[in-house]
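Participant: coords please:
(one chain, ligands or ions: 2)
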Amino acid sequence: MTTAYPVDPLRALPAEAYREPAFEVDLERIFRSDWVFVGTADEVAEPGDYVTTELGGQPVIVQRRQDGQLAAMSNMCAHRGTLLAEGHGNTKRFQCPYHAWTYADDGRLLAVPYATRDDVDREAHCLPRYRAEEWHGLVFATLRSDLPPLGQRFAHLDSIAVDADLATLNHWTARRGDETWDANWKLVVSNAMESYHLFKVHEETLEPYTPTAGAYYVVGNADGTATGGTSSRGDGDDYTLLSLPPNFVGVITNDSLLWQAVQPISWDRTRIVTGAAYRSPPADERRGMARLATMVSAAATVMVPDFLPEDRDICERGQRAADGDYRPGVLVPMEQVISDFHHYLNRQLHGAPTPAARTAAVVGLPRAAEPVTQ
Ligand code: FES
Ligand SMILES: [Fe+2]
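Facilitator: Ligands and ions are numbered 1, 2, ... in the order given. Now for the predicted structure:
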């Protein structure tokens, strides 16, 4: 195993964090070793509903079983390793498309064509089972059996999810965005976490609505951070940003959740899935045109221009520099959420101890009532 790149919670990541050797380390110590966001609960609402995903390259099925339990298991046939399922769907059992070995939704091997029970020990050919849990409508899975449950992990963020009533939002699965950027996953996810760049990267798109100067810190630690910001409309409709490492960032407004999830493809390529959920079901087709860039508030509907291409450009620009070396610069106070993320990386990569959850007052940052000035 390659030695992991160094991480300083007070500084940017070194360029080597975005190169090929770092990628294998990230897959092993993060995506195969932690809870990873895999989708939303509406996708696995009914018994038999399943989605397929990858946890650090390991193919996994996440399914609502017939007994109502949310569960995960290997998506590799126990015969010769073929993918059992692709995409999403609904089924009681999985039959391999290669030689038709058939599995129950708990991974038991039920049928093996042209072979007796003496030929194939069925007990020894069950699919490995993993864990899947739901946190306020967000579904996470992990290959690990020894991690604390999600409720414990995100306990410091629970009241925010409860106040926003996240679990009852209507997810708009048909309108998902799905694209691939030429940038390391850490560039993408940390860019989504911080509001520092809004005034520059999104000068004409987001800044008029959610200015950098209105950004503030709420509470956070290595397990996840809540930040926020005032809306330029000044109607008290602040947004809250939930950063749940390694791969989920969601923006909560009065009656919507807009989220981004990243999935590493290679050291310099990342899949970005975007989704939206609303308090009321999407009624008119006009909304359907707006993708992630629609922000809906109880008082008014504001259509902001599509800002995602601007994020893509800046992340890919960061990746193009990654063969060079530089002395990583200090993080500014407004980047406390990045510091929290670096504590997360430090724990996963180096086993470093992490600070307890801190509020804005504790870290000496402005809160909602005292916006940052530029
Ligand atoms: S690989 Fe699945 S049945 Fe042979
Ligand atoms: Fe951005």
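Participant: Excluding chain neighbours, what is closest to residue 314?
Facilitator: The spatially closest residue to residue 314, leaving aside those adjacent along the chain, is residue 201, at 5.2 Å (Cβ to Cβ, 6 or more residues apart in numbering). In short, each C-beta sits where N, CA and C put it, glycine included.
Participant: residue nearest the centroid of this protein?
Facilitator: The chain has residue 248 as the residue nearest its centroid, 2.2 Å off, counting by Cα atoms, centre = their mean.
Participant: and it, what is it in contact with?
Facilitator: Applying Cβ atoms under 8 Å, 6 or more residues apart in numbering to residue 248 gives the contacts 37, 138, 242, 259-261.
Participant: Just the residues contacting stretch 186-193, thanks.
Facilitator: Contact with stretch 186-193 is made by 13, 17-18, 26, 181, 197, 225, 227, 241, 243, 245-247, 249, 260, 262, 270, 272, 311, 314-315, 318-319, 337-338, 341, 345, as judged by Cβ under 8 Å, 6+ apart.
Participant: which ones among these are found in strands?
Facilitator: 181, 225, 227, 241, 243, 249, 260, 262, 270, 272 (DSSP state E).
Participant: For the residue nearest to the centre of the chain, give its distance to residue 22.
Facilitator: Distance, residue 248 to residue 22, by Cβ to Cβ, to the nearest Å: 21 Å.
Participant: Same question for residue 220.
Facilitator: The gap separating residue 220 from residue 22 is 24 Å, by Cβ to Cβ.
Participant: Just want to know which of the two has more residues nearby.
Facilitator: Legend: neighbour count by other Cβ atoms under 10 Å for residue 220 and residue 22, higher for residue 220 (28 against 23).
Participant: tell me which element the more buried one is part of?
Facilitator: With elements taken from DSSP states H and E, the one containing residue 220 is strand 215-221.
Participant: re the thing from before, Serialize the contacts of residue 248 to TSV and add fields for neighbour count and distance to residue 175.
Facilitator: Output for the contacts of residue 248, formatted as TSV (neighbours: other Cβ atoms under 10 Å; distance: Cβ to Cβ, whole Å):
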residue	neighbour count	distance to residue 175
37	24	18
138	26	17
242	27	20
259	22	12
260	23	14
261	25	15
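Participant: Rebuild the ones in strands among the contacts of stretch 186-193 as CSV, extending it with distance to residue 351 and pLDDT.
Facilitator: Below are these laid out as CSV (distance: Cβ to Cβ, whole Å; pLDDT from 0 to 100):
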residue, distance to residue 351, pLDDT
181, 30, 98
225, 21, 98
227, 27, 97
241, 28, 96
243, 22, 98
249, 25, 98
260, 28, 96
262, 24, 97
270, 25, 98
272, 29, 96
